[in-house]
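J.: Give the three-dimensional model of this entry:
(chains A and B)
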Amino acid sequence: MLMAALSPLRQGAQELDERAIKVAYIFNLTKYVAWPRTGNQLVVGFVGDGPMGEALERMLSGKTSDSRIIRVVLSPKDDALDQCDVVYIAYSSPKKIHSTLDQLRNKSVLTVGDSDSFSREGGMIGLVRAGQQVHLQVNIDAVQRTQLKISSRVLSLATIVHDEAKN
Amino acid sequence: MHLFKNQSFAHKIALTSVIATVIAVCTLLATFLLLDVISSRRVLNTDLAALADVVGQTSTAALTFRDQLAAQEVLNALRTEPPIVAACLYDAAGARFAQYQRQPGAQGCPAARTQILSPTRDFPSVIRPIVLHDEFLGSVLLVSDVQELKKRWKRLLFATVGMLIVALTFSGIAGSSLQRGILKPISDLTGVMRNVTEEQKFSARVAVSGNDEIAHLGKGFNAMLCELERRENQKKKFEAQLEYQASNDALTGLPNRRLFSDRLVQALATAERVHRNVAILYIDLDGFKLVNDSLGHPVGDSLLVEVAARFSAAVRKSDTLARIGGDEFTVILTNLHAREDALAVAMTLVDTLDQPFHIECHQLTISASIGISLYPHDALDSAHLMQQADAAMYAAKRNGKNQVMYFTPDLGVLVRERLNLENQLRDALANGEIFVQYQPEFDVLTKQLVRFEALARWNHPTLGSIPPDKFIPVAEESGLITPLGAYILESACVEAIRWQSISPYPIQIAVNVSNIQFSRPTFVEEVSEIILRTGIDPRLLQLELTESVMVEGINSSAESMRRLKAIGVTFAIDDFGTGYSCLSYLPALPFDALKIDRSFIKTSHLSVERRLLVQSLISLAQNIGLRVIVEGVETVEQLELIQKLGGNEIQGYLLGRPTTDPTSKIASMREMNEPLASPTDILVPTMQPVS
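T.: This next block holds a predicted model:
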């Protein structure tokens, strides 16, 4: 239904379709991730460029994942960033991505990005486009530095990557 | 139960044990198998459900992210679960999302969840929902088969059969050990028992081991056998003894009549086969009865033993010498070459008796009469041969004794006569064939008739007159002598009473009494009773006894005589000088007279010695107060001699033969106006008639 509504333009539709898939992935992921702090809200933050933030807000706000109500915060302030449960990082500049990741380093915030090298460069979940499909990449090192637990069932679907050796 | 009826105990136990084992094991195993089938199905279903849940949980992410590849991988992991033949994942909408088949083309899953069929017997299946955080993600269907279960049941079945075989083996071992423990001893017992009954082998024993009931039974059985054996041995001993006694004469140890008959039959059978002659010697001792009567049975028995010993020494070992009766012996002579051989043996036997026998203080001379019959010359069977030998012996005896005679056919009558004598004697008394003759006795000096001697006669309807020396012994042997003696005594008394009325003076009656009669304890009473019944004056009655009364207990004889003498009866010793008399006994018995046997004056011209002997005898008797009566006076010379020697009374054919009509004799004497004097008065003028 979500996808059918976004199908008029072929190119645009394809992009829309891809965004919807990514949003659905993020939504589904929340079901397989256990956070150390729980509450009745699940905060999904968005930083970066592009239409992905607007798609998140539109499709996820108010939805319930594992009895938590999802709230989408677009471009939160730096001090609010680590209050999010999920942060979607969509900077086109790798520098900005790195600074955001550094800021959230060791924090129990699930970092999601869609660049090909996102997970290798310290992001937790990479949603990488592979042909017609979106593929999950999980940087298990980044996850393990935090108190987050990602279900092995998701891990079995994903490609596991490790931090690139720095320097 | 019918199965069991005719089985031995061993089979029954074995069968029972096997059947019980089979039933027990089969019941156990059937229950076990059934329970296992039920529980293994239940376990399979539970396992399937659990596995489905695991698969479902594992597939949640794949379903969530609609990752069919991942779902397929999850399902493919079921390859390690052999019972799973097919597995499918359906998404929330019920469409088939992923599918696994163990074997392509085999059991699979329907394309939509709604098309899933309910589980079957052969393909148990389970369908479980996949839920994540209360959200229904889809369903998982697992289909299994029962191949693994069937394999397992098959293994169980094999194990069961194995167990059954093991159980049967054990029950067989247990049964056989039970059999060893119980049935072996019992069957041993049965075997021994059968042996004992079939073969009468009482020496058999059962092997006893242990201390159980069977052992007790065995011990009891052995004890019983022991007792049986003891009794059996005793019985055999007695039987052997009886057999010996039955076939041997106790006195001489010779075969008896029975064994003799057996041997004779055998000898004849053999002779028939080899065509040989057989002779039977029938031996009877002459005068043996006299020895027995006058010296007693112990002496007679000793004599028989001595005679048997001499005969035994004289015959060959192969010949059978037997004692078949009192003084009767028989010999079977086999393998005879000639008829004369039998005669030779018989003569040898007669000769063995030439030497006198010394028994106790007595010197005894005895002779034998022997009859011979020959097989096959005279007869072919033993009975006839025996009769013929007997008849020949009897003829020898009649011919003067101490002789041997062959059987000749004309002797046949004698055989039958002797055989039947006893039976006929019985009838003779009843039929009145027995009658009494009277022979007169005269006083030597007065020539007066002093008495008649009553003599028994038997007028046989077919055989004619039978002399007393033939039938009196038969009567004595058969016991008929008692009624016969009583009959003669009574007849004589009745007759004597008649004489008194026609005679001018009393005439006595002399009656012979057999020793057998006399030795009866009731003899005195029997005589007294006849005297009273007939009414005869006892003083007219003279009883004549033989010498043997001196042997058979002097005291009781004397007592009987005294009691009768007390009423007037007188006694004479009859036939004195024929037996083995002990003169010293004479005075001990209250005799009145002595009758000298006819043999003393037998020859017409007596030798000087014999004359002296008779003279001494007469004076001896007279010296102890006995009248002397001389028997057998047949010639005038004898009469004159007796007169010269001083005898008191005489009897004999010269003076009068025995008659059935003494009354007429008395009457005729009266008519001659003679005072009943001897008819020889005319011949003997020196004798003076009594006035």
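J.: Report how many residues lie close to residue 128.
T.: I'll assume chain A. Residue A:128: 18 surrounding residues under other C-beta atoms under 10 Å in any protein chain shown. Using the backbone N, CA and C atoms, a C-beta is placed for each residue, glycine as well.
J.: Chain B is the one I meant
T.: 19.
J.: Please apply the same query to the one 4 residues further on.
T.: Residue B:132 is surrounded by 19 other residues when neighbours are defined as other C-beta under 10 Å.
J.: Counting neighbours, what do you get for the nearest residue to it once chain neighbours are set aside?
T.: Nearest residue to residue B:132 in three dimensions, chain neighbours excluded: residue B:60, at 4.6 Å (C-beta to C-beta, 6 or more residues apart in numbering or on different chains). When neighbours are counted by other C-beta under 10 Å, residue B:60 registers 24.
J.: now residue B:125
T.: Using other C-beta under 10 Å: residue B:125 sits among 24 other residues.
J.: before we move on, what about residue A:27?
T.: Around residue A:27 there are 19 residues (other C-beta under 10 Å).
J.: Could you do the one 3 residues further on as well?
T.: The number of residues packed around residue A:30, counting by other C-beta under 10 Å, is 21.
J.: do the same with residue B:347
T.: Neighbours of residue B:347 under the rule other C-beta under 10 Å: 13.
J.: Which single residue of chain B ends up nearest chain A?
T.: When scored by C-beta to the nearest C-beta, chain B has residue B:61 as its residue closest to chain A, at 3.6 Å.
J.: I'd like the next helix or strand past the helix or strand where that residue lies.
T.: For residue B:61, the host element (DSSP states H and E) is helix B:9-64. Remark: after helix B:9-64, the chain's next helix or strand is helix B:68-76, criterion DSSP H and E.
J.: Mind checking if that next one is in reach of chain A?
T.: Yes. Residues of helix B:68-76 contacting chain A under C-beta under 8 Å from any C-beta of the partner chain: B:70, B:73.
J.: Not counting that helix itself, show me its contacts.
T.: Outside helix B:68-76, the residues that touch it by C-beta atoms under 8 Å, 6 or more residues apart in numbering or on different chains are A:156-157, B:55, B:58-59, B:61-63, B:87-89, B:97-100.
J.: I'd like the mean pLDDT over the helix or strand that it is followed by, please.
T.: As assigned by DSSP H and E, the chain's next helix or strand after helix B:68-76 is strand B:84-91. Taken as a whole, strand B:84-91 has a mean pLDDT of 86.
J.: go on, stretch B:407-427?
T.: What stretch B:407-427 shows for mean pLDDT is 71.
J.: Tell me where the model's unsure across chain A.
T.: A:1-16, A:165-167 (pLDDT under 70).
J.: Let me fix that, I meant to ask about chain B.
T.: B:1-7, B:9, B:82, B:106-107, B:412-420, B:550-552, B:579-582, B:603-606, B:671-691.
J.: Nearest to residue A:97 among the contacts of helix B:68-76?
T.: Using C-beta to C-beta, residue A:157 comes nearest to residue A:97 of these, at 24.0 Å.
J.: Does the closest one belong to a helix, a strand or coil?
T.: Recorded secondary structure, residue A:157: coil (DSSP: H, G, I helix; E, B strand; the rest coil).
J.: and it, how far is that from residue B:584?
T.: For residue A:157, the distance to residue B:584 equals 165 Å [C-beta to C-beta, to the nearest Å].
J.: Counting neighbours, go ahead and name the busier of the two.
T.: The neighbour count for residue A:157 versus residue B:584, taken as other C-beta under 10 Å, is higher for residue A:157 (21 against 8).
J.: quick one, phi psi at that one?
T.: Backbone torsions of residue A:157, given as degrees, to the nearest 10, read phi -90, psi -20.
J.: From residue B:310, how far off is it?
T.: Residue A:157 is 147 Å from residue B:310, by C-beta to C-beta.
J.: before we move on, what about residue B:23?
T.: 91 Å.
J.: Counting neighbours, go ahead and name the busier of those two.
T.: Comparing residue B:23 with residue B:310 by neighbour count (other C-beta under 10 Å), the higher total belongs to residue B:310, at 15 against 10.
J.: The host helix or strand of the more buried one: what's the following helix or strand?
T.: Assigned by DSSP H and E, residue B:310 belongs to helix B:297-314. Following helix B:297-314 in sequence order, the next helix or strand is strand B:320-325 (DSSP H and E).
J.: Any buried residues in that next one, and which?
T.: Neighbour-count burial for strand B:320-325, with 16 or more other C-beta atoms under 10 Å in any protein chain shown as criterion, is recorded at B:320, B:321, B:322, B:323, B:324.
J.: ok, now which ones touch the last one?
T.: Contact analysis of residue B:324 by C-beta under 8 Å, 6+ apart lists B:256, B:257, B:260, B:330.
J.: which other helices and strands contact the strand or helix carrying residue B:239?
T.: Assigned by DSSP H and E, residue B:239 belongs to helix B:213-247. Under the contact criterion of 3 or more C-beta pairs under 8 Å, 6 or more residues apart in numbering or on different chains; DSSP states H and E, helix B:213-247 touches helix B:184-199, helix B:257-274.
J.: which residues touch residue A:143?
T.: With contacts defined as C-beta under 8 Å, 6+ apart, residue A:143 is in contact with A:124, A:150.
J.: Just give the nearest non-adjacent residue to the closest residue to chain B within chain A, would you?
T.: When you check chain A against chain B by C-beta to the nearest C-beta, the closest residue turns out to be residue A:153, at 3.6 Å. Spatially, and ignoring its direct neighbours in sequence, residue A:153 is nearest to residue B:61 (3.6 Å; C-beta to C-beta, 6+ apart).
J.: hang on, isn't that neighbour packed against residue B:137?
T.: No. Using C-beta atoms under 8 Å, residue B:61 is not in contact with residue B:137, being 9.5 Å away.
J.: returning to that earlier point: the helix holding residue B:61 to strand B:84-91, inter-axis angle?
T.: Per axes from the mean of the first three to the mean of the last three C-alpha atoms, to 10 degrees, the angle that helix B:9-64 makes with strand B:84-91 is 30 degrees.
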